[in-house]
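Peer 1: Turn this into a model:
(one chain, ligands or ions: 1)
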Amino acid sequence: MKRRLVLLGAPGSGKGTQAEMITRQFGIPVTSPGAILRREKDLGTPLGQETAEVLQRGDLVSDKIIIELIEDWLRLHGGHGFVFDGFPRTLPQAESLMSILARLRTALDLAIWLEVSEQTVRDRIAGRLQCGACGFTTSVKSAKFAERPVCPYCDGPLVRRNDDDMAVLQKRLSEFETKTQPLASFYGKMSILHRIDGNRDRETVFSDISRLIEGKASA
Ligand code: AMP
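Peer 2: Sure, this is the predicted structure:
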């Protein structure tokens, strides 16, 4: 199924989890600048080293770097549609995406906004574990492996993200409020914005998202 969608929402709103469920169910390729940058850091590349501190502080990486990442990704994989998890996060990123897609003679189908309360964010971030190898995300509660939790998909180590710290979270939330919130009216004006209650369990949220994806005709 060929769809082009962006998943937006605060840290811990479930973007990564839903992106993964979308790709498993519909086969739409997913990408996430945050995951790419964490991988670059683990590999010790110049990009990873340049951005590691920014991620650690909870700031946003420069628009220029992020837009280049997305442009490269679209050139290589964009022909089958996409799910962007955590992109765009600023107005200049959203505007650049529009021009890149216009150049490719295509457009976004859906902008899905996962709305969550601050309490949900805090609870999820405090209990989040992520696979260091494939990025699968789960919670301490559902990871039923006491000593050395491993990923159910690839056996990689389940670890805490080093920006999932309460002081860093405060910064990430404030970046979200000031730089990402304006995207709601940007996509609202384009009539492609859909707000979904992300406080519910992952399956319930996913069934709402699936209905939206299935309702959109392929371009
Ligand atoms: P995420 O994995 O989406 O929570 O992103 C982790 C971190 O990567 C963010 O806190 C930012 O530092 C950086 N990042 C991810 N996506 C973007 C983006 N679209 N624009 C700027 N920085 C980003």
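
Peer 1: who touches residue 77 in this structure?
Peer 2: With contacts defined as Cβ atoms under 8 Å, 6 or more residues apart in numbering, residue 77 is in contact with 29, 31. (Each C-beta comes from the backbone N, C-alpha and C, glycine too.)

Peer 1: wait, does the helix or strand hosting it contact the ligand?
Peer 2: Applying DSSP states H and E as the criterion places residue 77 in helix 63-77. Yes: applying Cβ under 6 Å from any ligand atom, one finds that helix 63-77 is in contact with the ligand at residue 66.

Peer 1: May I have that helix as PDB, with CA atoms only?
Peer 2: Extracted in PDB, the C-alpha atoms of helix 63-77 (Å, rounded to 0.1, in the frame of the first residue of the first chain):
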ATOM      1  CA  ASP A  63      16.900  21.900  10.200                       C
ATOM      2  CA  LYS A  64      19.600  21.700   7.600                       C
ATOM      3  CA  ILE A  65      21.000  18.400   8.900                       C
ATOM      4  CA  ILE A  66      17.500  16.800   9.300                       C
ATOM      5  CA  ILE A  67      16.200  18.000   5.900                       C
ATOM      6  CA  GLU A  68      19.300  16.500   4.200                       C
ATOM      7  CA  LEU A  69      18.700  13.200   5.900                       C
ATOM      8  CA  ILE A  70      15.100  13.100   4.700                       C
ATOM      9  CA  GLU A  71      16.000  14.200   1.200                       C
ATOM     10  CA  ASP A  72      18.600  11.400   1.000                       C
ATOM     11  CA  TRP A  73      16.200   8.900   2.400                       C
ATOM     12  CA  LEU A  74      13.400   9.900  -0.100                       C
ATOM     13  CA  ARG A  75      15.800   9.700  -3.000                       C
ATOM     14  CA  LEU A  76      16.700   6.100  -2.100                       C
ATOM     15  CA  HIS A  77      13.400   4.700  -0.700                       C
END
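
Peer 1: How far does it sit from its chain's centre?
Peer 2: Helix 63-77 has its C-alpha centroid displaced from the chain centroid by 15 Å (Cα atoms, centre = their mean, to the nearest Å).
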